[in-house]
Structure formats: C-alpha cells, structure tokens
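Student: give me a model of this one.
(2 chains)
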Amino acid sequence: MNSKVKKFYITTPIYYVNDRMHLGHAYTTIAADVLARYHRLKGERVFFLTGTDEHGGKIEKAAEKLGKSPKQLCDDNVRRFKKGWEKLNISYDNFIRTTDSYHEEAVKKALEILHKKGLIYKGVYRGLYCLGCEQYKTESDLVNGKCPDHKKKPEIIEEESYLFRLSKFGEEIRKKIKQDELLIRPEDKKKEVLEFLKGGLKDISISRKKVKWGIPLPFAPHLTTYVWIEAFLNYLTGVGWEGNPKKLPEFWPADVHLMAKDIARVHATIWPAVLLGLEIALPKQIFVHGYFTIEGQKMSKSLGNVIWPEELIEKFGVDGTRYLLLSACCFGKDGDISWGKLKEKYNADLAKGIGNLVSRVITIGETLGFKSEALKLRQVHSTEIGKQIDATWKNYERAFDEFKLDKALDSIWKLIAFCDQYIEKKRVWEESKEQKICVLCLLYTISEIAKMLESFLPETSNKILCQLGLKSDEKKCVFAVEKKESLFPRLNSK
RNA sequence: GCCGGUGUAGCUCAAUGGUUAGAGUAAUUGCAUCAUAAGCAAGAGGUUACAGGUUCGAGUCCCGUCACCGGCACCA
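Tutor: Below you'll find the predicted structure:
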C-alpha cells in the first residue's frame, strides 16, 4: 500500500437497535457518506465505518416485550438498518455489530489491560433504584423524589461494581481539547465540553449486575460491561483492532467521528479516557451536528409529527432526500423542516434548478445533432465559463475542508445559476456563429457539476453523465447527448 | 435548578466592533420562449427577541429579562 496517499477514516456512531431507523440516523449517515465519497473522489484511501450498538438493558426489555431473544431482535433491526442504508446509497466499508465476536474478543482484551493497570478497580455502586422500572434513576429523573412512571420512591441500592478511573484523565483531556489536539467542532460544542471538564470527572461504574445482555467482564464474568465502554471500542475493532495497543490498525486514528449533539459529551470524555488508559492515540476530530425540529417542534411519536426517512424517499426519491436533508441547515447547527418547506426546496433547487438546466441544455444539444461532438479543454479554460468552474471547485473544496456541506452545495448551485444566466445572455437556443461552442461549454460545465454532485447525489450524477454520453481524456471531452427522463419531476400541490 | 447554545426579511440562513445589515427562496412586476409553465431582470420586503450599558461606532462586547434547544454522568 502506498503510504504517501492520504488516508481518511470516518465513523458514524453505532446506532442503538432497540428501534427502527429514524431521521437522525439517516442524517448522520448521509453526511458521513458524502464526506467519504468526497475523499474517495480526491483519491484518498478512505474507510467509512457504521454499525449498531446491540447490548444493554433497553434491548433486553424491548426483546422481552416482543417475545424475542435479544439477539433475534438485534438481527431483525440490523436487517432493517442495512436495507435503509442500501436504499440511501450509503457506501460504508464496514458495518460493525457490537455482538460480532471479533468485537467482543478485543473488548475483553482491552478490559483486561485496563484492569491490570489498575484503571479499573473494584468498588461499590450506590444508586437510586426503581423496582418498577428495574432501573437506576438519577435525581433529575425523579419528580418530587418519586419515579414519574411508577409514582414510587426509588430505593437506595448498593451493588458490587467495577469502576473506571475516569477522574484521572479529566485534566489531560481538557488540555488536548483546548489545544485542538482533539479537535471538537463546531466551536460552541468545544466550549461546552471544556466548561464541563472544568469541574473534573468522576469515576464511572463500568459493570452491570442486573443487565444480562452484555459482554461479561473477563475478570468478573458474572457481571456485564457497561455499554458505552465497549461501544466506543467499535471505532477500533471496526477497522481490525484485535485488542493489542501495540498493534494498531493502519486507519487509526480516526480522522473524524461524526455524531449528533446528544452524545458529544461522552465522546469527548469517556472515549478519550479509555484511549489514554490504553495508551492509544486519540481521534483527530469530533464533529457534532444538530437536530431537526418539525415546524419548530421537537419530533416525537407522541406529538405524531415524526418524519421517517422512508417517507422522504417515497416522496422525493433517494437523491432528493439526501439533498433536502443536507441543504436544510448549516451543517453543525439545528435545523427546522416541514413537508411544505421540503417541497418548496425540492421544486426550487432540484426540479427548477439542476433538473431544468440539464433538460434545456440536453435538448439544444440534441437539436444540434451532437452525436459525437468534441470539445478541446483549452477552448474552455480561458473563457468566463472556465473561470467560473475553477472558482466553483475552489469554493467547493474549501467548504468540504471545513465540513460545511451546505456551503459546498451552495457553490454548486451558484454555478447552476451561472449557466442559466449564460444561456439567456448568449441566447444559445438561436442559431449563431458561436452557438455550437457555447452549447459545448455548457455541456462541459454540466459534466463538471455532475462530478461535484457525485458525493452528494451519486445517482443523479450518473444520470447526468449518461445523458451527456461523456467520454473524456486529458485534452478533450466528447459528447453524445441523448435526452432521458427528468431528473427530478416537479411536484405539484398536494 | 445548574451549565452551554440559539434568537437577523413571510421562510431557510450570511455578516474578523467599521460604508446604506446581505444571499437564496416565496410573493409582485417587466422581458424571454431552448427547457420539467422552466429562465433572466427589477423593485419591494428589517425596531437584528425585549430593555439598558460600554464605544467615535454595536447584529457583533457587557448587564438584565423573555422564548426556544441541548447536556446534567446507571437510558444509550
């Protein structure tokens, strides 16, 4: 393997499989896919990891409710996740399940190491336990000192427990985050984490006595491992780590862990602490994106305002869904969506934007009989259109470097608008001396747009290149245009 | 309650303390007819949540209030 080629390792969180795939899962994963595709396009060696988190009390309970074994429940839901990712064109390199034996084996080794180093020690966990919920509660869970679900006062229970010396690493982690050795983006999330770390970290219990569905602790097999501790390790085992800190996978450290804001804090505390404990390099970056609200309200099943990814795909198509989610807001901030707004944007940007542009240019190309029409690239470079394309590539790449996915899309759409203006200005549908070269330049620009779209809308990108009948080498492009069906049919009122 | 964030055009969002607060979109008007009735252009649209303060100058900094969002460690 050529070590001079840059590598890019990106992860999504592993999703908890107690329920089906929702919009948040889809958003993170699509974003990760776009980034992975972009870096592949740049010729980098890319590894894109996603997967599922399958242990823990919640799964145990959900399975019990359905009369299934936990493993069965996981298998069923994993199938649904994978189907969803296939539908959305997610180009992951590995789908890890925390029940995979290679993961479990490596986790046990890691725990042994931490135990031997004294970073895991035996102690007692004291907590408020609600017999009704069969769960420990925090003070903030309680209403008037009682469990809100069972209206009962929880009991104080002590149980044998193994604790991880998280407290030992707080200061070191704070320094690394402050100095961007562990980069947390956007900036406000970094601030939030730093503020939290100021107060220091407490040791956490990493064993569970009452949860049976989990990885047994190697030094106390009657207890299972707390899910976070083992789940994080997927980022290592997913690229082939076998539990030896001296033998790290070639893709480690991760270039970026992508996630929603709810789990940013644990990723910025427990996970780095585990790595420091194992003396393994920290990931380079944690990138945190926001949530979607629906018409200003939190999405929730009880409000009945949930938008499922499948519904989006049905209405807007796969690429429509990918586009609408990523362009809905500034990547890294919260966004608000509604069916009305989504439809408006679909029509404006996809049907009337890229769809109509491709349609009109292809028609003109066909009318002119472009069955094998060559354009020498040097004929474009010095023109206004060539300059525009160069500028667009620059903006596009700059946006990607800063994870501004919405800005990258913006830059493409500016080029689309430029093409429409150009068509108008040159009146390219009319016969003239420069008509042919103008249309060829437009076809070329559209082929460049298709290349830029590959990361975001792989299917559309393909369809465009197919209609252009593009064959190219370093010096020229040859077009054999053929009109096909609309890229994004306009949606009418409904 | 504590910690952090957000609040800018009808909607989605921009704006290192420095011209007259900008884009896109929607609506309006004019032009165009290659195109999925799509395109181009123009005007209009603002008490920057509210109230005070610092400053020659505040959307930006400080104080307070309100609204919304997230986190608060055994749910993951």
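Student: what residues does the stretch 51-200 of chain A have near RNA strand B?
Tutor: A:53, A:56-58, A:125, A:127, A:135-141, A:161, A:166, A:188, A:191-192, A:195-196, A:199-200 (CB under 7 Å from any atom of the strand). (Glycine included, C-beta is placed from N, CA and C.)
Student: the closest residue to RNA strand B within the stretch 1-150 of chain A pairs with what?
Tutor: Nearest residue of the stretch 1-150 of chain A to RNA strand B: A:Y136, at 2.5 Å (CB to the nearest atom of the strand). With DSSP bridges applied, A:Y136 shows beta-bridge pairing to A:Y129.
Student: counting neighbours, what do you get for it?
Tutor: A count of neighbours around A:Y136, defined by other CB atoms under 10 Å, yields 19.
Student: same question, A:S411
Tutor: Using other CB under 10 Å, the number of residues around A:S411 comes to 20.
Student: again with the one 3 residues further on
Tutor: When neighbours are counted by other CB under 10 Å, A:K414 registers 14.
Student: ditto for the one 10 residues further on
Tutor: One way to gauge burial is a neighbour count; for A:E424, by other CB under 10 Å, it gives 10.
Student: just the element for it, please.
Tutor: A:E424 belongs to helix A:405-426 when elements are defined using DSSP states H and E.
Student: buried ones in that helix?
Tutor: For helix A:405-426, burial by neighbour count (16 or more other CB atoms under 10 Å) applies to A:405-409, A:411-413, A:415-416, A:418-419, A:422-423, A:426.
Student: quickly check: it near RNA strand B or not.
Tutor: Yes: contact of helix A:405-426 with RNA strand B (CB under 7 Å from any atom of the strand) involves A:A417, A:D420, A:Q421, A:I423, A:E424.
Student: skipping adjacent residues, who's closest to A:L375 in space?
Tutor: Excluding the flanking residues, the one nearest A:L375 by CB to CB, 6 or more residues apart in numbering is A:L440, at 4.2 Å.
Student: which SSE is the one you found in?
Tutor: Secondary structure from DSSP H and E places A:L440 in helix A:435-453.
Student: looking at that helix now, give me its mean pLDDT.
Tutor: Per-residue pLDDT over helix A:435-453 has a mean of 96.
Student: that one and RNA strand B in contact?
Tutor: No: judged by CB under 7 Å from any atom of the strand, helix A:435-453 and RNA strand B are separated, with a smallest distance of 9.6 Å.
Student: by contact count, what packs against whichever helix or strand comes after that helix?
Tutor: Sequence order places helix A:458-468 as the next helix or strand after helix A:435-453, per DSSP H and E. Helices and strands touching helix A:458-468, as assessed by 3 or more CB pairs under 8 Å, 6 or more residues apart in numbering; DSSP states H and E, comprise helix A:309-327, helix A:356-367, helix A:435-453.
Student: now those in TSV, with mean neighbour count?
Tutor: As requested, those are exported to TSV (neighbours: other CB atoms under 10 Å):
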stretch	mean neighbour count
helix A:309-327	20
helix A:356-367	19
helix A:435-453	21
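Student: among the residues of the stretch 51-200 of chain A next to RNA strand B, which lie within strands?
Tutor: Counting by DSSP state E, these place A:D53, A:Y125, A:G127, A:Q135, A:Y136, A:K137, A:S161 in strands.
Student: if I pick the residue of the stretch 1-150 of chain A closest to RNA strand B, what's in contact with it?
Tutor: Listed by CB atoms under 8 Å, 6 or more residues apart in numbering, the contact partners of A:Y136 are A:G127, A:L128, A:Y129, A:C130, A:I157.
Student: most neighbours of all those residues, which one?
Tutor: Neighbour-wise, the contacts of A:Y136 (other CB under 10 Å) top out at A:C130, 21 neighbours.
Student: residue of the stretch 251-400 of chain A nearest RNA strand B, please.
Tutor: Here the stretch 251-400 of chain A gets closest to RNA strand B at one residue, A:G355, 1.7 Å apart by CB to the nearest atom of the strand.
Student: got a pLDDT number for that residue?
Tutor: pLDDT, A:G355: 95.
Student: and A:C133, by the same measure?
Tutor: pLDDT, read off for A:C133, is 68.
Student: contacting residues around the residue of the stretch 251-400 of chain A closest to RNA strand B?
Tutor: With CB under 8 Å, 6+ apart, A:G355 has these contacts: A:S486, A:L487, A:F488, A:P489, A:R490.
Student: A:L470 versus A:A480, what's the distance?
Tutor: 8 Å (CB to CB, to the nearest Å).
Student: let me see the contact set for A:T225.
Tutor: Counted by CB under 8 Å, 6+ apart, A:T225 has contacts A:H55, A:V107, A:L111, A:I206, A:S207, A:R208, A:G214, A:I215, A:P216, A:L217.
Student: what about the second one, helix or strand, and which?
Tutor: So that's A:V107. Going by DSSP H and E, A:V107 is part of helix A:101-116.
Student: in that helix, what counts as buried?
Tutor: A:H103, A:E104, A:A106, A:V107, A:K108, A:K109, A:A110, A:L111, A:I113, A:L114, A:H115.
Student: ok, the residue nearest to the fifth one when sequence neighbours are not counted - contacts?
Tutor: Read it as A:K108. Closest residue to A:K108 apart from its sequence neighbours, by CB to CB, 6+ apart: A:P218 at 4.6 Å. A:P218 makes contacts with A:K108, A:L111, A:E112, A:H115, as judged by CB under 8 Å, 6+ apart.
Student: give the contact list for the third one.
Tutor: Listed by CB under 8 Å, 6+ apart, the contact set of A:E112 reads A:P218, A:F219.
Student: likewise the last one?
Tutor: With CB under 8 Å, 6+ apart as the criterion, the residues that contact A:H115 are A:Y162, A:P218, A:F219.
Student: I'd say A:E60 and A:W213 touch.
Tutor: Yes: counting by CB atoms under 8 Å, A:W213 is a contact partner of A:E60 at 4.3 Å.
Student: hmm, back to that, and the helix holding A:V107, how far out from the chain's middle?
Tutor: In terms of CA atoms, centre = their mean, to the nearest Å, the centre of helix A:101-116 is set 27 Å apart from its chain centre.
Student: quick one: the helices in the stretch 101-250 of chain A, in order.
Tutor: For the stretch 101-250 of chain A, applying DSSP state H, counting those that start in this stretch gives helices covering A:101-116, A:170-178, A:187-198, A:227-232, A:234-237.
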